[in-house]
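1. Sequence isn't available, so here's the structure alone:
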């Protein structure tokens, strides 16, 4: 499909929206395809009339009112394509009013379209003072012999000029070649179209969200999602969708064919009044994240260890439906954001040829970034109640009293903790024995696992500590230190000091510090708890429990609040024309047809479309269309 140019076809459709004429072009004898040829106007709609013109299989010119308001007082100009007037037709009295749902009206013109070489221009205009044009289209005769009828229950696939060349769009209908609905016995509310080239789906993931409590992948790649709290609604952009309220999400498996991603497209319909929220993510610092920030679309992606953010210019937080699409082209390293079919912003931040991804092949999310977020955008990184061993290390140079994990058994009679802090049972404490369990002559260190905090702009480390040193000959002279390292423990920075006085009253206390206040956040972060007996004679007891690390990812948008529908991830970078076409068809809210524009096809390819009728309870058997083999375009 070539935007901003009118091509000669057998069906033309036009609209008057707010006084602006829009043209559509299509081909088929029993229905129309809605393909904008002029840009979509602003949605300030005062009036709305839609007419369809086409040439039927008997080469008779037909006009039909297919939407909008009633039309009165009009006439029809029949012209050559160079705009030379042939005749003006005033319809007979019974046809003076076009009403919604009127049957087709044959134009009794002296001009006959006997073959595909015959073309005329049809103009419908009002006969009042302003003489407003409400329809304009170039129609041509047809010679239908290039595409045989397919199986009686198969979806009908045609090319726009019926010659199957690289210069034609492919159009798939949810009807057979005779105009009958596929799967007649199934009551459908929508249809899902899985385009296949040379036997392989063009999708990695194809989620329609039209079935209640199902995240089925209609690409046949078995990348089924898991819903964790999102609410299904039948008021999506097309049939069903999922509502996200800030603390729920959908998990999706790693769906790409290799550990890195080459050309790709991700698209979805969204509706939100929130300025920030993650739409879909495979972790910004691992692969990519599609989100909104300050009401604009943000595409964050990583290649070869470098992460870049591309932020659009169009506001999408107005609580209206918006079609969002992002493409990545590996050969040029170009990332492009589209909103409602229109290019928003594009940039090439990586080296041409670089693929996206770290190779980690992590799972993805719809409605949140990697990890667990609160609605404010804080992500849980690590939680440990010490009921299991999560990789802590003990290092010491003491005679007695090293760190030990277990349920406290000392009873608290020498300043030791009688129980853990969070009630789970276990904690880390110094020498978990009854009686003499204090630290003697030296230091003992409890060192955390290694953390990658490089993708965060802010990290909070929360922990609970029990500490006493108020007994013995040299009481209240020792310290409890919390230190942090960003080079895997080669160097340490003190973040928190308790002592020398024992906290009063003696009990568990909860503490917190911001990691970025002491170190640069890297992928080599550890922290440790140090307790010591340096002067001898004192009784030093300590415990650590309830570790909770959380953070805000750099560029992280937090969870999504709103509605998401029709999420698709493609194996290719879609053309601008295809994204525009997807927007136009989706914007109707219907799913009667699907169009693959000519920019997507290559000579020698074989295309078909698998159509699956669905309703909110189930899906019918999928039906493959007839196959079209793409021929070279000979010009003309």
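-> Sure, I can see it. If you're wondering where the values come from, they're calculated on a predicted model, not measured in any experiment. Numbering: from 1, shown residues only.
2. where do the strands sit along the stretch 451-600 of the chain?
-> Along the stretch 451-600 of the chain, counting by DSSP state E, counting those that start in this stretch, strands occupy 456-472, 480-485, 493-498, 509-514, 526-533, 538-553, 561-570, 593-596.
3. And those: which comes nearest residue 587?
-> The closest of the strands of the stretch 451-600 of the chain to residue 587 is strand 561-570. By Cβ to Cβ, the value is 11.3 Å. From N, CA and C alone the C-beta is placed, and that goes for glycine too.
4. Would you mind checking the average pLDDT for that closest one?
-> On average, the pLDDT along strand 561-570 is 98.
5. can you pull the buried residues of it?
-> Residues of strand 561-570 classed as buried by neighbour count (16 or more other Cβ atoms under 10 Å): 561, 562, 563, 564, 565, 566, 567, 568, 569, 570.
6. for those residues, which one is nearest residue 316?
-> Set against residue 316, the nearest of the buried residues of strand 561-570 by Cβ to Cβ is residue 562 (9.7 Å).
7. Surely that closest one touches residue 275?
-> No: when contacts are counted by Cβ atoms under 8 Å, residue 562 is not listed as touching residue 275 (10.9 Å).
8. which residues of the chain score low on pLDDT?
-> The model of the chain has pLDDT under 70 over residues 1-60, 64-69, 71, 91-116, 141-152, 370-378, 536-537, 554-557, 636.
9. residue nearest the centroid of it?
-> By Cα atoms, centre = their mean, the chain has its centre lying nearest to residue 280, at 4.2 Å.
10. contacting residues for that residue?
-> For residue 280, the contacting residues are 252, 266, 268, 289, 290, 364, 365, 366, 567, 569, by Cβ atoms under 8 Å, 6 or more residues apart in numbering.
11. what do you get if the cut-off is 10 Å, keeping everything else the same?
-> Residues near residue 280 by Cβ atoms under 10 Å, 6 or more residues apart in numbering: 205, 207, 250, 252, 266-268, 288-291, 324, 326, 364-369, 560, 564, 567, 569.
12. which among the residues you listed end up buried?
-> For the contacts of residue 280, buried by 16+ other Cβ under 10 Å: 205, 207, 250, 252, 266-268, 288-291, 324, 326, 364-369, 560, 564, 567, 569.
13. what sits in contact with each of residue 562 and residue 275?
-> 292, 316, 317.
14. wait, residue 529 sits on residue 480?
-> Yes: between residue 529 and residue 480 there is a contact at 7.3 Å, judged by Cβ atoms under 10 Å.
15. what residues are shared contacts of these two?
-> Counting by Cβ under 10 Å, 6+ apart, the shared contacts of residue 529 and residue 480 are 465, 467, 496, 498, 542, 544.
16. Please produce TSV containing those residues, extended by distance to residue 588 and neighbour count.
-> What follows is the shared contacts of residue 529 and residue 480, written out as TSV (distance: Cβ to Cβ, whole Å; neighbours: other Cβ atoms under 10 Å):
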residue	distance to residue 588	neighbour count
465	62	22
467	67	25
496	60	18
498	65	20
542	67	29
544	60	28
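17. Can you add distance to residue 383 and give these back as CSV?
-> Shown next, in CSV, are the shared contacts of residue 529 and residue 480 (distance: Cβ to Cβ, whole Å):
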residue, distance to residue 383
465, 17
467, 22
496, 19
498, 22
542, 21
544, 14
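18. Of all pairs in these, which one is the farthest apart?
-> Largest separation among the shared contacts of residue 529 and residue 480 by Cβ to Cβ: 496 and 542, giving 13.2 Å.
19. Save the strands of the stretch 451-600 of the chain as JSON lines, and put in distance to residue 157 too.
-> Shown next, in JSON lines, are the strands of the stretch 451-600 of the chain (distance: least, Cβ to Cβ, whole Å):
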{"stretch": "strand 456-472", "distance to residue 157": "49"}
{"stretch": "strand 480-485", "distance to residue 157": "62"}
{"stretch": "strand 493-498", "distance to residue 157": "65"}
{"stretch": "strand 509-514", "distance to residue 157": "59"}
{"stretch": "strand 526-533", "distance to residue 157": "59"}
{"stretch": "strand 538-553", "distance to residue 157": "44"}
{"stretch": "strand 561-570", "distance to residue 157": "19"}
{"stretch": "strand 593-596", "distance to residue 157": "9"}
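20. between the ones you listed, which one is nearest to residue 386?
-> Of all these, strand 538-553 sits nearest to residue 386, with 6.4 Å by Cβ to Cβ.
21. relative to strand 493-498, how tilted is that closest one?
-> 130 degrees (axes from the mean of the first three to the mean of the last three Cα atoms, to 10 degrees).
22. how far does strand 538-553 sit from the chain's center?
-> Here strand 538-553 is found 38 Å from its chain centre; the criterion is Cα atoms, centre = their mean, to the nearest Å.
23. buried stuff in it?
-> Across strand 538-553, burial judged by 16+ other Cβ under 10 Å covers 538-553.
24. quick one, it and strand 526-533 angle?
-> Using the same axes, to 10 degrees, strand 538-553 lies at 170 degrees relative to strand 526-533.
25. which stretches of the stretch 151-300 of the chain form strands?
-> 157-159, 170-173, 190-197, 200-201, 203-206, 226-228, 231-233, 241-245, 249-252, 264-271, 277-281, 288-293, 296-303.
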